[in-house]
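1. predicted model and sequence below, questions to follow.
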Amino acid sequence: MGGRFNGVVFAAATAALIALPSQARAEGYVTPWVGANWGSDISNSRAAFGVNAGAMGNGIVGGEVDFGYSPSFFGTKNDFGSNSVLDLMGNVIVGVPIGGTYGASVKPFVTGGLGLLRTQVDGGTLANIQSSNNMFGWNVGAGVMGYFNNHVGLRGDVRYLRGFEDLKTGNTAIDLGGNNQLSFWRVSGGVVLR
């Protein structure tokens with residue numbers, strides 16, 4: 001009876017392993033990007049660059065880190081000195097893989113999350129101040145990733161970034177009237193590597 005019992009246990013264990021769903025695979029990626037900001041009361045079509053890195057389970061739902069840097073965000077160095085906006089966000093990303101998760105494919109996605117918005121202003125003729133602000137902020141956006149093969153493709157997205165807190169620099173040329181929260185749109189594109 002012991003051998004027969006062991007055989008039944010072995011058969012049951014084998015059947016259970018076969019019946020288990022296949023392990024979800026995480027699709028990791030990194031995207032260095034360049035872009036432009038617009039829509040803020042104080043900036044207009046300013047250049048930006050950064051990197052996104054993340055992973056998506058089965059190519060559908062995942063998380064990503066978005067880092068962006070916008071030099072001369074508030075205006076020229078002559079007017080505002082060395083000035084910039086930096087964002088570091090932790091996002092949830094949801095995509096729809098069209099054509100599968102490997103090989104040539106297209107993936108429209110939406111993304112959003114929370115993180116840090118940091119402003120820096122150091123001098124200039126219009127803003128003769130030195131100020132830095134660390135603000136809690138959020139972002140939401142949408143875009144598409146298109147892959148040429150298993151590892152290389154292109155990514156483009158549009159996103160809206162906004163601070164939860166008022167922007168306070170001590171200079172009326174920068175501080176926003178009424179609604180004093182920093183907000184802007186960003187469009188970006190880059191090479192995606194997975």
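-> Thanks, I have the structure now. Residues are numbered from 1 along each chain as shown.
2. skipping its backbone neighbours, what lies nearest the residue most central in space within the chain in space?
-> With distances taken as Cα atoms, centre = their mean, the residue of the chain nearest its centroid is D66 (3.2 Å). Using Cβ to Cβ, 6 or more residues apart in numbering and skipping the chain neighbours, the partner closest in space to D66 is M89 (4.5 Å). (Glycine included, C-beta is placed from N, CA and C.)
3. could you check the pLDDT of that neighbour?
-> We note a pLDDT of 97 for M89 in this prediction.
4. same question for E165.
-> 81.
5. and it, how far is that from S72?
-> Counting by Cβ to Cβ, to the nearest Å, the gap from E165 to S72 is 23 Å.
6. of the two, who's got more company?
-> Using other Cβ atoms under 10 Å, the more surrounded residue of E165 and S72 is S72, with 17 against 14.
7. look up the pLDDT of that one for me, please.
-> Reported pLDDT for S72: 86.
8. and the gap between it and S132?
-> Distance from S72 to S132, by Cβ to Cβ: 16 Å.
9. give me the below-cutoff pLDDT ranges for the chain.
-> 1-26, 40-45, 124-129, 168-179 (pLDDT under 70).
10. tell me the secondary structure at N78.
-> helix (DSSP: H, G, I helix; E, B strand; the rest coil).
11. run a quick neighbour tally on G141.
-> 22.
12. D87 now?
-> D87: 24 neighbours (other Cβ under 10 Å).
13. that one contacts V65, doesn't it?
-> No - the criterion here is Cβ atoms under 8 Å, and D87 misses it with V65 at 10.8 Å.
14. let me see the contact set for the nearest residue to R155 once chain neighbours are set aside.
-> Nearest residue to R155 in three dimensions, chain neighbours excluded: V192, at 4.2 Å (Cβ to Cβ, 6+ apart). The contact partners of V192, taken as Cβ atoms under 8 Å, 6 or more residues apart in numbering, are 29-31, 145, 147, 152-155.
15. for the residues you listed, give me a markdown table that also has distance to W38 and secondary structure.
-> Formatted as a markdown table, these follow (distance: Cβ to Cβ, whole Å; DSSP: H, G, I helix; E, B strand; the rest coil):
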| residue | distance to W38 | secondary structure |
| --- | --- | --- |
| Y29 | 26 | strand |
| V30 | 26 | strand |
| T31 | 21 | strand |
| M145 | 23 | strand |
| Y147 | 28 | strand |
| V152 | 29 | strand |
| G153 | 26 | strand |
| L154 | 22 | strand |
| R155 | 19 | strand |
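16. circling back to that earlier point, can you tell me which residues contact the residue nearest to D66?
-> M89 neighbours (Cβ under 8 Å, 6+ apart): 65-66, 113-116, 137-139, 161.
17. next up, phi/psi of it, please.
-> Main-chain dihedrals, M89, degrees, to the nearest 10: phi -120, psi 140.
18. export the contacts of M89 to TSV and tack on distance to P97?
-> Formatted as TSV, the contacts of M89 follow (distance: Cβ to Cβ, whole Å):
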residue	distance to P97
V65	21
D66	20
G113	21
L114	26
G115	26
L116	30
G137	29
W138	26
N139	23
L161	26
